[in-house]
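Asker: coords below, sequence missing:
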């Protein structure tokens, strides 16, 4: 128990000590007040998050994998981040990966004991990680055996590593980058699905979005590698082509189809009056960076 008392997320929050006795409006206000600490914590961790962004971008550009691994809520957030990169940035499911203790079933039903198995964390990482990869461990407490076991194995495999935790005293011996989110005690004692999870999600959003921006998957602040998998996204693609190429909807739709439904290819075809093959070669030459391809004379 003395060790547990050192973990901020396990401490009792004096500001919400009357949570169970409060009226609904008061409960909402107390929880909201605590939630503001999530954003503050992420802001203070900006330097470490920036390092993770660059490492993730470099990893992606050299065809390495970005791997999020965690247990419980942290693990679910890692899986969510990896899954959302596919439609948002057009990434391969095999290049940005989420692993959760207990496997897929743990996404829908808590497998609490799974987080205590450090050996299994190592085994799960060993199945997928290689030297060129970047492994990001996610644990609010900073001491989850499964995650620490995974990071230890990742270092043995010569991967680059990061640890994202809400505990300044987290075990960082196998982390090249430590992203410390000082969210403090939860409104509901120990419930890290609350502001610790919110801060984790914010940090992960910054890492994945920042890395994809640095890897050429974003033009200005536009998701130009978005996958047109439904009507909403098809319309977004047409708006993107029209906005960047400064053309009308009919022309945007024409190039959208001629390009094979690829925004960047369509923009280059329209702006430079070139064929699909020429546009694809131009993008390949510039490693997918639309900005560079557009400005080539």
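Answerer: Now that the structure is in, tell me what you want to look at. For clarity, every value in this text was computed on a predicted model and none was experimentally measured.

Asker: how near is the residue nearest to the spatial centre of the chain to residue 136?
Answerer: The centroid of the chain falls nearest to residue 204 when counting by C-alpha atoms, centre = their mean (3.6 Å). In this structure, residue 204 and residue 136 are 8 Å apart, going by C-beta to C-beta, to the nearest Å. Using the backbone N, CA and C atoms, a C-beta is placed for each residue, glycine as well.

Asker: Need the overlap of contacts for the two.
Answerer: Residues touching both residue 204 and residue 136 (C-beta atoms under 8 Å, 6 or more residues apart in numbering) are 68, 78, 164.

Asker: Of the residues you listed, grab the buried ones for PyMOL.
Answerer: Of the shared contacts of residue 204 and residue 136, the buried ones go into a single PyMOL selection, burial set by 16 or more other C-beta atoms under 10 Å:
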select buried, resi 68+78+164
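
Asker: how is the chain carved up into domains?
Answerer: Residue ranges for each domain of the chain read 8-214, 231-294, as given by automatic domain parsing.

Asker: Now the first one: average pLDDT?
Answerer: The reference is to domain 8-214. Mean pLDDT, domain 8-214: 95.

Asker: circling back to that earlier point, most packed of the domains of the chain?
Answerer: Per-stretch averages of neighbours, counted by mean count of other C-beta atoms under 10 Å, single out domain 8-214 among the domains of the chain, with a mean of 19.

Asker: one step back: list just the one of the domains of the chain that sits closest to residue 223.
Answerer: Among those, the nearest to residue 223 by C-beta to C-beta is domain 8-214 (5.8 Å).

Asker: how far out from the middle of the chain is the closest one?
Answerer: On the basis of C-alpha atoms, centre = their mean, to the nearest Å, domain 8-214 is displaced by 9 Å from the centre of the chain it belongs to.

Asker: Please look at residue 95 and residue 66 and confirm they touch.
Answerer: Yes: applying C-beta atoms under 8 Å, one finds residue 95 in contact with residue 66, separated by 7.0 Å.

Asker: any residues in contact with both of these two?
Answerer: residue 60.

Asker: Leaving out sequence neighbours, find the closest residue to the residue nearest to the centre of the chain.
Answerer: In space, residue 204 comes closest to residue 81 once its chain neighbours are excluded; the distance is 4.5 Å by C-beta to C-beta, 6 or more residues apart in numbering.

Asker: can you give me the helices in the stretch 1-150 of the chain?
Answerer: 24-44, 46-61, 72-89, 118-128, 145-156 (DSSP state H, counting those that start in this stretch).

Asker: what packs against the longest one?
Answerer: On a contact count with 3 or more C-beta pairs under 8 Å, 6 or more residues apart in numbering; DSSP states H and E, helix 24-44 meets helix 195-214.

Asker: Could you check the angle the helix it packs on makes with helix 24-44?
Answerer: 40 degrees (axes from the mean of the first three to the mean of the last three C-alpha atoms, to 10 degrees).

Asker: after helix 195-214, next one along is what?
Answerer: helix 231-245 (DSSP states H and E).

Asker: Next secondary structure element downstream of that next one?
Answerer: helix 249-258.

Asker: Next, the angle helix 231-245 makes with that following helix.
Answerer: Going by the same axes, to 10 degrees, helix 249-258 makes 110 degrees with helix 231-245.

Asker: oh, and call the first residue 56 from now on, that's how I've got it
Answerer: Will do, 56 is the new start, and the previous item becomes helix 304-313.

Asker: what's the next secondary structure element after helix 304-313?
Answerer: With DSSP H and E, the next secondary element past helix 304-313 is helix 318-327.

Asker: Run through who's touching the following helix or strand past that next one.
Answerer: Using DSSP H and E, the helix or strand that follows helix 318-327 towards the C-terminus is helix 331-340. Helix 331-340 is contacted from outside by 313-315, 319-321, 323-324, 327, 329, 344-345, 348, 351, using C-beta under 8 Å, 6+ apart.

Asker: pLDDT-wise, what's the bottom of those?
Answerer: Ranked by pLDDT, the contacts of helix 331-340 bottom out at residue 351 (85).

Asker: helix/strand/coil for that residue?
Answerer: Under DSSP: H, G, I helix; E, B strand; the rest coil, residue 351 falls in the coil class.

Asker: contacting residues around it?
Answerer: With contact set as C-beta under 8 Å, 6+ apart, residue 351 has these partners: 337, 340, 341.
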